[in-house]
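> starting from these lines, generate the structure:
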Amino acid sequence: MFDNMTSEVGGPPNSTYSYADQKWIEGARFFVEGVTQLIVGIIGLVGNMLSIAVLCRRDMDLKPMFRQILVTLISFDIGCIIFNLLLFSLPLLSNSYSEGVFPYIVPVVLPFAQISLTGSIYCTLAVAIERYVSVCHPLRTPSDCTGTLSIIGLIVFSVAINICRFLEFETTYEHRVQRFWNENKNQSDTINVTYAMASTTELRSDLVYSQITMVTMLLIGGIIPLVVLTFLNTRIYIAIRTRTQRLLTMSSKQRRDFDVAAVLVGIILVFIVCHSFKFFVNCYEVYMSYVGMDVDSDWGAWMDVVLSFSHLSVTVNSSLNFVIYCYKDEKFRQNLIRMCVVNGGCCRKHGFSPVANSSLKHVTQV
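Numbers count the residues shown, from 1 in each chain. The predicted model follows:
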């Protein structure tokens, strides 16, 4: 997703497109990456924060290792949403942000976006491995420090694999002469204007480096996780189907493990579907590089639209886990309702009812 920088780091569609194609692509990007992604992202941020609050409750009856990795996954997802909105949504919705903020944050925010994406992918993989061991090999018990060490390893790996991203973009300045009407002189006049831009560095422009980066990210961010997740998801699903018939003879702890495994199956299926857009874009980039096609002239208007859906699908994937928890896990729903009821009761107890305290609205804002 983050490898085709020519289409991602702001700016209009390819200049080789016709006027009609440019207007069509601009409209599609505005609706898909701008409006829709912002709405999905805001809902996802609220849902993920509620998820962390619920998962940290003792009543959830989760293994410490699973809880730690799951909270880390949600944290990475929150980062994905925030950075996606900063890079792909807000520039399309605000010209002042696009011109005054965006060029300065790209060299820093873009690497952190890739770190969050890598962390989210491999946290999902770690959760799948943990559930696979719990469901298919229940006699194996990890040590108490396994969860902490796994999280440290995930963070270090995500940063290390993307450390060179901090050297790929820089903020440059372009000086232009702009004409305007001078009312005092009653004539046309000129002024020098400086524009900030997010530009690729020499490292990112190097052909060998770009090809190695694309192939590496295709393997690490696409092929390997998708293959492993598909395998683990299949094995977990088969185990659930096989042992569901014995559900009445299982202990409450075993039934809880299978309930959580069912949640994971939903998470992995959503992950595979949502990341398929990014996987396709990365494969097409590698193909273009392999056959010697030029990105500027051969990218195609349809690929700009696919790229927009790729950005949106990553945000959707990072936002849907809350919905999956609510739909699949009854204990999650119960704790969420209990938490909301308790918090609402505390508010009413201390006199913070929205109706009773509507007169305090302006006071609290001051």
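
> below-threshold pLDDT in the stretch 1-150 of the chain: ranges please.
Low-confidence segments of the stretch 1-150 of the chain, defined by pLDDT under 70: 1-19, 21, 61, 138-140, 142-144.

> can you give me the strands for it?
Counting by DSSP state E, counting those that start in this stretch, the stretch 1-150 of the chain forms no strands at all.

> list the contacts of residue 276.
Listed by CB atoms under 8 Å, 6 or more residues apart in numbering, the contact partners of residue 276 are residue 313. Glycine gets a C-beta too; all of them are placed from N, C-alpha and C.

> equivalent analysis for residue 123, please.
For residue 123, counting by CB under 8 Å, 6+ apart, the contacting residues are 69, 72, 73, 76, 154.

> and these, which are buried?
For these, burial is judged from neighbour counts taken by 16 or more other CB atoms under 10 Å, and it is met by 69, 72, 73, 76, 154.

> the residues you listed into TSV, with extra columns for distance to residue 20?
What follows is the buried ones among the contacts of residue 123, written out as TSV (distance: CB to CB, whole Å):
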residue	distance to residue 20
69	49
72	46
73	43
76	40
154	46
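
> now for the residues you listed, which pair is the farthest apart?
Greatest spatial distance among those (CB to CB): 69 and 76, at 10.5 Å.

> tally of neighbours for the closest residue to residue 34 other than its chain neighbours?
Spatially, and ignoring its direct neighbours in sequence, residue 34 is nearest to residue 92 (3.7 Å; CB to CB, 6 or more residues apart in numbering). Burial of residue 92, expressed as a neighbour count using other CB atoms under 10 Å, amounts to 21.

> from what I can see residue 92 touches residue 29, true?
Yes - counting by CB atoms under 8 Å, residue 92 does reach residue 29; the two are 6.0 Å apart.

> which ones are touching residue 289?
Residue 289 makes contact with 210, 211, 214, according to CB under 8 Å, 6+ apart.

> write the ChimeraX selection for whichever of the residues you listed are buried.
Here is the ChimeraX command that picks out the buried ones among the contacts of residue 289, judged by 16+ other CB under 10 Å:
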select :210,214
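
> and which of the contacts of residue 289 is nearest residue 113?
Using CB to CB as the measure, the one of the contacts of residue 289 that approaches residue 113 most closely is residue 214, at 16.8 Å.
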